[in-house]
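[1] Got a predicted structure plus its sequence, pasted below:
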Amino acid sequence: MKINFTKKEYRSLLDLVYLGDMMLDGATDGNVPKEYVVLREKIYAFAKEFDCKDLIKYDKDLDGYFETAYYEETSGVLKYIDSYMNNMSKGMD
């Protein structure tokens, strides 16, 4: 099976993967199940092909793909994280 994405769709997918990974990382105390790590790596590996090489970089020392500081600063995902945290804290009152 093959799935085709536009550059815009791939860019949105990066945000979803990032947010999902953050959620899983927190929920599993950093022990994200391997199948999710493998899938994240597979998706991030296409960053260059979708003109997102400034957002995702391969680190040879860690042998993996990671978000760049530029991604975290410009992606806008932090507003979703902040909103989520605010909504969660309201539910605990």
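    Okay, I see it. Numbers count the residues shown, from 1 in each chain.
[2] so where do the helices sit in this structure?
    Listed in chain order, the helices of the chain (DSSP state H) span 7-27, 34-44, 69-74, 77-91.
[3] List just the one of those that sits closest to C52.
    Comparing the helices of the chain by their distance to C52 (C-beta to C-beta), the top pick is helix 7-27, with 6.4 Å. The C-beta positions use only the backbone N, C-alpha and C, and glycine is treated the same way.
[4] Quick one: mean pLDDT over that closest one.
    The average pLDDT for helix 7-27 rounds to 95.
[5] Report the inter-axis angle for it versus helix 77-91.
    Inter-element angle recorded for helix 7-27 and helix 77-91: 40 degrees (by axes from the mean of the first three to the mean of the last three C-alpha atoms, to 10 degrees).
[6] in helix 7-27, what counts as buried?
    With burial defined by 16 or more other C-beta atoms under 10 Å, the residues of helix 7-27 counted as buried are 10-11, 13-14, 17-18, 21, 24.
[7] next one: that helix to chain centre, how far?
    Relative to its chain's centre, helix 7-27 lies at 3 Å (C-alpha atoms, centre = their mean, to the nearest Å).
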